[in-house]
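In: My questions concern the predicted model and sequence given below.
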Protein chains: 4
Amino acid sequence: MQKIGFIGLGIMGGPMAANLVRAGYEVTGYARSSRSTERLMAAGAKPASSVAEAVAGADVVITMLPDSPEVNDVVLGDDGVLASAGPGLLLIDMSTIAPETSVAVALRAQETGARVLDAPVSGGEPGAIEGSLSIMVGGEPETFEEARPILEHLGKTIVHVGEHGAGQTVKAANQLMVAGIIELVSEAIVLLDASGVDGERGLEVLAGGLAGNRILDRKAASMLAREFKPGFRIDLHHKDMGIALATARSAGVSLPVTGVVAQLVASARAMGHGSLDHSALLSVVENLSGRDVH
Amino acid sequence: MQKIGFIGLGIMGGPMAANLVRAGYEVTGYARSSRSTERLMAAGAKPASSVAEAVAGADVVITMLPDSPEVNDVVLGDDGVLASAGPGLLLIDMSTIAPETSVAVALRAQETGARVLDAPVSGGEPGAIEGSLSIMVGGEPETFEEARPILEHLGKTIVHVGEHGAGQTVKAANQLMVAGIIELVSEAIVLLDASGVDGERGLEVLAGGLAGNRILDRKAASMLAREFKPGFRIDLHHKDMGIALATARSAGVSLPVTGVVAQLVASARAMGHGSLDHSALLSVVENLSGRDVH
Amino acid sequence: MQKIGFIGLGIMGGPMAANLVRAGYEVTGYARSSRSTERLMAAGAKPASSVAEAVAGADVVITMLPDSPEVNDVVLGDDGVLASAGPGLLLIDMSTIAPETSVAVALRAQETGARVLDAPVSGGEPGAIEGSLSIMVGGEPETFEEARPILEHLGKTIVHVGEHGAGQTVKAANQLMVAGIIELVSEAIVLLDASGVDGERGLEVLAGGLAGNRILDRKAASMLAREFKPGFRIDLHHKDMGIALATARSAGVSLPVTGVVAQLVASARAMGHGSLDHSALLSVVENLSGRDVH
Amino acid sequence: MQKIGFIGLGIMGGPMAANLVRAGYEVTGYARSSRSTERLMAAGAKPASSVAEAVAGADVVITMLPDSPEVNDVVLGDDGVLASAGPGLLLIDMSTIAPETSVAVALRAQETGARVLDAPVSGGEPGAIEGSLSIMVGGEPETFEEARPILEHLGKTIVHVGEHGAGQTVKAANQLMVAGIIELVSEAIVLLDASGVDGERGLEVLAGGLAGNRILDRKAASMLAREFKPGFRIDLHHKDMGIALATARSAGVSLPVTGVVAQLVASARAMGHGSLDHSALLSVVENLSGRDVH
């Protein structure tokens, strides 16, 4: 059975690593916060006190980190993954970062003989816990096949979408769609409310027709109740909208609606909702429409 | 069994009337085009040569017309439904029109002793044929209960959403969401394409995660193939975006993303795609991004 | 000297009619509010107690009314201008209304032998008082030449821009540009403020370069002081954005930025700023950015 | 008289350096392209074959470079300005770059004892030639006073707007306003054209009223003729919209219209107009409206 070093044990990484322990892998976990590491020890993993220690002797290293600077630091740093790895390491970076960072990491890894995949996920904390994430993977096809048995313990929809960085590009597309749909649901709710139409019944019909979508299925009730407990935080979605627009810029395309939605997510953050769920975009639309935020 | 007059036998109205014939109702149909009427006769309905003839002796009249002017004409005109109806008529207007027109029709109907519902639908030609439409109904609760047995032969999700006009308001919300989601899917496709990522695989992952929606489920394949056979025409969606923004104006709300999407639908029409499926919004995004329209 | 009937003596119409009195015309004025009429009497005009009385014996009638319904009522109504006019009337409608209403008025006027111009203005209360308005005129060239001597007492830039309705189309273009530029100035102010840059000095440089514009020249100081005394009210600009977008719809064009700006003006109104100056768009941008509205 | 090293002798830098020669300064110029350097020699400056040579013995160094990477390279590089400078250098960076790069440069300069100003300009090639630029300056007030006599040979409106980076922030505000106003003028032109209104007369009235602005004054004629010879290239404005949105992100504000305009500038570039004047935004609006690009 392969030995796995798992770096980054937060809301997502923690339960993902635990699923790998349950699947029988020997997992050594490292996180900045010792609390996160202890929680994983309880699940049966070995703790590491540094990145280097988590990587030592590992066949596979999985990183699940907040943003590009952390990935650059943990993977490319002096005491980082590539510096500490033995020959032939398989590195699966499941963080959501800029595609160009993933490409840069892959180029550096090749120089050290390591193989790398970018494999960001969608599905949130419930998906991480249930092992039902969607995983979009960029990199060499053979490397993907090698990683697939591990990924199957973490997700249900696991698709190899292209070369290095392609996983991140698909994740960027995912994030612009999710924010956009939340905004559209918010505009629908505000229109119904202000017109005196019962929101619950209105959204029930919308969910049954061509407008149906997973945001309505999962978040309509909490949005109607104006409960914005995360879930996925506005702050992180703000970061991801930045990645989406930077990716569009690199690709030379024009995304007008994403351009506006990004500013509305920025507004949610500016209004102080950064640590609320991304469905708090509803508050921005209510504010624009002069309606009390509940 | 109730006698039903059915006015407007187009792509939607034709199969809906046929479903009522099949359900055992005595249906008298009228359409401007005699061809449409003949097709319904083949299904077992009686033809009428005027609105008045379709209404004469009917317990229930259903109208399925393109826009407010036609509804005003057919329902409120000199030889129209209300002028020709016996006492106690139940009028179910299933057209998609401005909420305020529905309210005006209801006020005029009350003066003649008729009861009215606005009951626009979502689900398109397939839903009309299969009798699986979503139907959003505005009007008195008792009138809704009276109409429900008939509506159940036409749709699956049948919801009373509020007072007169409320059905139209929910339909407006439906249309802004549908256009918005088509635009977001288009922006995702263009981003993936321009980044060299396989569109089919990319959309497969998107459909499996939080970005999942019915447009992806039903239209991803045809959009990737750049096939825009309607379906629901850009011209009609352009009309409906006008209704959505006018409804927002009446309600005193601000819908920034809908404001942009409406201009992009207008662009699709200006580019000559008015008679294509609304998924042809993709062509606008490709055009903006300097990519050949296929 | 021609006899002029002047209908509509508000913030704009009042001083305009007074300028015509001063120029030596015999002016009979009518307004709904008797106060406005009295003020004009003080300037030397004759009062009328009805539209018909203002029109009786007039060679020229000028209307300056808030919106299309008022123009329809006053001009086309049973006791309206056309019904009361003698043969060969020259009607100059200086209201800001939909181009298609101006065209409809012109068609109706032709049937009665009257000649009509649409001649909306830009320049606000100061321009009305000083007689320095910009006047954009639609209609027959000969009619324009006939009206020009009168218009020269009201404005400085007086341009015949095309056929009936063309004046209103240019006014629609004017209004979309004015609202858009106010929004851009607002975004600049919020960006400078939030970055800790002195707004007054920043706007001084902006006014000196390619970004220079009349909003900066006239409103920068009051905007920086968050003083939004009208001037031109948000409510009226909201009406005008509706006209601009309806005109774009009729013309078959797509105006993406105007589409967003219209929703932001709607937001200013929804937030309760309808009776403030249109420069109160700044409050919407501050709100979106989580900054205290001053 | 002070000795000035001038680095970057392109469309802007070339005539600026020549103005300083004419003002009597001893100028040593350096540019990557030897052609640019030769042209300046003809004006009376001394040529340098490297950055170091241009800096050697200079009291003041002025840099006028395309973007942040070039500034980082030229100023902070191993053989760069700071490495080559004698004690007490005054560095005036007139490039348009991200405010945070200007702050970073200032911090590094302080370590070497140099004083720095960020002093981007507005006014284009004509302003550079005539010495009538608007110059927005960030940095210490004393340093500004020291630089003012030099800047007065380059511009007319010279304003100290705040601390290090403040000049760049004001420039970002300038660029978002300029692009936004060009877009609004374009939307007005397309609306007039499609409505059959004479564009020249229409814009003449607009220029005379509250919508008046410098884009109309300087570019209306060429835009109506669809002549897009630069001037200021779309490619550079695209870069600057990126800086504006990144500055908004750093400042924590939401700029919805700028968010859309940035995507329309991106569209102009994607359509292949990158080397045309920024007024080519008109082509994007025409394209969206299905009108032939001239």
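Out: The structure has been received and is ready for your questions.
In: How about the residues of the stretch 151-294 of chain A by chain C?
Out: Residues of the stretch 151-294 of chain A lying close to chain C by C-beta under 8 Å from any C-beta of the partner chain are A:256, A:260, A:263-264, A:267, A:270-272, A:284, A:287-291. Placement of C-beta: from N, CA and C, glycine included.
In: Can you lay out the residues you listed as a markdown table showing distance to D:Ala52 and neighbour count?
Out: Shown next, in a markdown table, are those (distance: C-beta to C-beta, whole Å; neighbours: other C-beta atoms under 10 Å in any protein chain shown):
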| residue | distance to D:Ala52 | neighbour count |
| --- | --- | --- |
| A:Pro256 | 46 | 31 |
| A:Val260 | 47 | 26 |
| A:Gln263 | 44 | 29 |
| A:Leu264 | 49 | 25 |
| A:Ser267 | 48 | 29 |
| A:Ala270 | 45 | 25 |
| A:Met271 | 50 | 21 |
| A:Gly272 | 50 | 12 |
| A:Val284 | 52 | 27 |
| A:Asn287 | 55 | 23 |
| A:Leu288 | 55 | 28 |
| A:Ser289 | 60 | 24 |
| A:Gly290 | 61 | 19 |
| A:Arg291 | 63 | 18 |
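In: and these as a markdown table, adding pLDDT and secondary structure?
Out: Below are these laid out as a markdown table (pLDDT from 0 to 100; DSSP: H, G, I helix; E, B strand; the rest coil):
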| residue | pLDDT | secondary structure |
| --- | --- | --- |
| A:Pro256 | 98 | helix |
| A:Val260 | 98 | helix |
| A:Gln263 | 98 | helix |
| A:Leu264 | 98 | helix |
| A:Ser267 | 98 | helix |
| A:Ala270 | 98 | helix |
| A:Met271 | 97 | helix |
| A:Gly272 | 97 | helix |
| A:Val284 | 98 | helix |
| A:Asn287 | 97 | helix |
| A:Leu288 | 98 | helix |
| A:Ser289 | 98 | coil |
| A:Gly290 | 97 | coil |
| A:Arg291 | 95 | coil |
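In: Do a quick rundown of the helices in chain A.
Out: Using DSSP state H, the helices of chain A run over A:13-22, A:34-42, A:51-55, A:68-76, A:81-84, A:99-112, A:124-130, A:141-151, A:166-194, A:199-208, A:214-224, A:234-251, A:256-268, A:281-288.
In: returning to that earlier point: now, which of the residues of the stretch 151-294 of chain A next to chain C sits nearest C:Gly208?
Out: A:Gln263 (27.9 Å; C-beta to C-beta).
In: Next, the closest residue to A:Leu89 other than its chain neighbours: phi, psi?
Out: Nearest non-adjacent residue to A:Leu89, counting by C-beta to C-beta, 6 or more residues apart in numbering or on different chains: A:Ala114, 4.3 Å away. Backbone torsions for A:Ala114, taken as degrees, to the nearest 10, come to phi -90, psi 150.
In: Contact partners for A:Ala114?
Out: By C-beta atoms under 8 Å, 6 or more residues apart in numbering or on different chains, the contact set of A:Ala114 is A:82, A:85, A:88-91.
In: A:Leu9 and D:Ile189, how far apart?
Out: 58 Å (C-beta to C-beta, to the nearest Å).
In: who has more neighbours, these two?
Out: A:Leu9 (26 against 22; other C-beta atoms under 10 Å in any protein chain shown).
In: didn't that one look like it was pressed against A:Arg35?
Out: No: counting by C-beta atoms under 8 Å, A:Leu9 does not reach A:Arg35; the two are 9.1 Å apart.
In: For stretch A:216-234, list the C-alpha coordinates in CSV.
Out: C-alpha atoms of stretch A:216-234 as CSV (Å, rounded to 0.1, in the frame of the first residue of the first chain):
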residue,chain,number,x,y,z
LEU,A,216,-31.6,26.3,-5.8
ASP,A,217,-31.6,22.6,-4.6
ARG,A,218,-29.1,23.1,-1.8
LYS,A,219,-29.3,26.7,-0.8
ALA,A,220,-32.8,28.0,-1.6
ALA,A,221,-34.1,27.3,1.9
SER,A,222,-31.2,28.9,3.8
MET,A,223,-31.2,31.9,1.4
LEU,A,224,-34.9,32.4,2.0
ALA,A,225,-34.2,32.3,5.7
ARG,A,226,-31.3,34.7,5.2
GLU,A,227,-28.9,32.1,6.9
PHE,A,228,-25.5,32.5,5.5
LYS,A,229,-23.4,30.1,7.7
PRO,A,230,-20.5,28.8,5.6
GLY,A,231,-20.1,26.6,3.6
PHE,A,232,-17.8,28.3,1.2
ARG,A,233,-16.8,31.8,2.3
ILE,A,234,-17.2,35.0,0.3
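In: And that stretch, what's buried?
Out: Buried residues in stretch A:216-234, counted by 16 or more other C-beta atoms under 10 Å in any protein chain shown: A:216, A:218-220, A:223-224, A:228, A:230-234.
In: and which of those is nearest B:Gly14?
Out: Once C-beta to C-beta is applied, the member of those that ends up nearest B:Gly14 is A:Leu216, at 30.4 Å.
In: burial of the spatially closest residue to that closest one that is not a sequence neighbour, as a residue count?
Out: Nearest residue to A:Leu216 in three dimensions, chain neighbours excluded: A:Ala207, at 4.5 Å (C-beta to C-beta, 6+ apart). Using other C-beta under 10 Å, the number of residues around A:Ala207 comes to 19.
In: on that earlier part again, right, and the pair among the residues of the stretch 151-294 of chain A next to chain C with maximum separation?
Out: Greatest spatial distance among these (C-beta to C-beta): A:Pro256 and A:Gly272, at 27.5 Å.
In: on that earlier part again, from memory the residue nearest to A:Leu216 sits against A:Ile215, does it?
Out: No: A:Ala207 is not in contact with A:Ile215 according to C-beta under 8 Å; the separation is 9.8 Å.
In: Mind listing the shared neighbours of the two?
Out: With C-beta under 8 Å, 6+ apart, A:Ala207 and A:Ile215 have no common neighbours.
In: just for the stretch 151-294 of chain A, where's the confidence low?
Out: The model of the stretch 151-294 of chain A has pLDDT under 70 over residues A:293-294.
In: and it, which residues reach chain D?
Out: A:242, A:245, A:248-249, A:252-256, A:258-260, A:262-264, A:266-267, A:269-270.
In: how about a cut-off of 10 Å?
Out: A:238-239, A:241-242, A:245-246, A:248-249, A:251-271, A:274, A:284, A:288 (C-beta under 10 Å from any C-beta of the partner chain).
In: Please list which of those are also close to chain B.
Out: A:248, A:251-261, A:263-264, A:267, A:284, A:288.
In: Any idea how many residues pack against A:Asp78?
Out: 8.
In: Kindly state the pLDDT recorded for it?
Out: If you check A:Asp78, the pLDDT there is 93.
In: What residues of stretch A:171-184 count as buried?
Out: The neighbour-count check on stretch A:171-184 (16+ other C-beta under 10 Å) flags A:171-184 as buried.
In: again, but for stretch A:27-42
Out: Buried-residue list, stretch A:27-42, by 16+ other C-beta under 10 Å: A:27-31, A:36-37, A:39-40.
In: from the residues you listed, which single one is nearest D:Glu145?
Out: A:Ala31 (52.8 Å).
In: Can you name the residues that contact the residue lying closest to the closest one once chain neighbours are set aside?
Out: Take A:Ala31 and drop its neighbours on the chain: the residue closest to it by C-beta to C-beta, 6+ apart is A:Leu9, 3.9 Å away. Listed by C-beta atoms under 10 Å, 6 or more residues apart in numbering or on different chains, the contact partners of A:Leu9 are A:15-18, A:29-33, A:35-40, A:45, A:47, A:64.
In: mind checking how far A:Ala85 is from chain D?
Out: In this view, A:Ala85 and chain D are 31 Å apart by C-beta to the nearest C-beta, to the nearest Å.
In: hang on, the earlier thing: the buried residues of stretch A:216-234 into JSON lines, with extra columns for distance to B:Val75?
Out: JSON lines is the format used below for the buried residues of stretch A:216-234 (distance: C-beta to C-beta, whole Å):
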{"residue": "A:Leu216", "distance to B:Val75": "33"}
{"residue": "A:Arg218", "distance to B:Val75": "41"}
{"residue": "A:Lys219", "distance to B:Val75": "39"}
{"residue": "A:Ala220", "distance to B:Val75": "34"}
{"residue": "A:Met223", "distance to B:Val75": "37"}
{"residue": "A:Leu224", "distance to B:Val75": "34"}
{"residue": "A:Phe228", "distance to B:Val75": "44"}
{"residue": "A:Pro230", "distance to B:Val75": "50"}
{"residue": "A:Gly231", "distance to B:Val75": "47"}
{"residue": "A:Phe232", "distance to B:Val75": "48"}
{"residue": "A:Arg233", "distance to B:Val75": "51"}
{"residue": "A:Ile234", "distance to B:Val75": "47"}
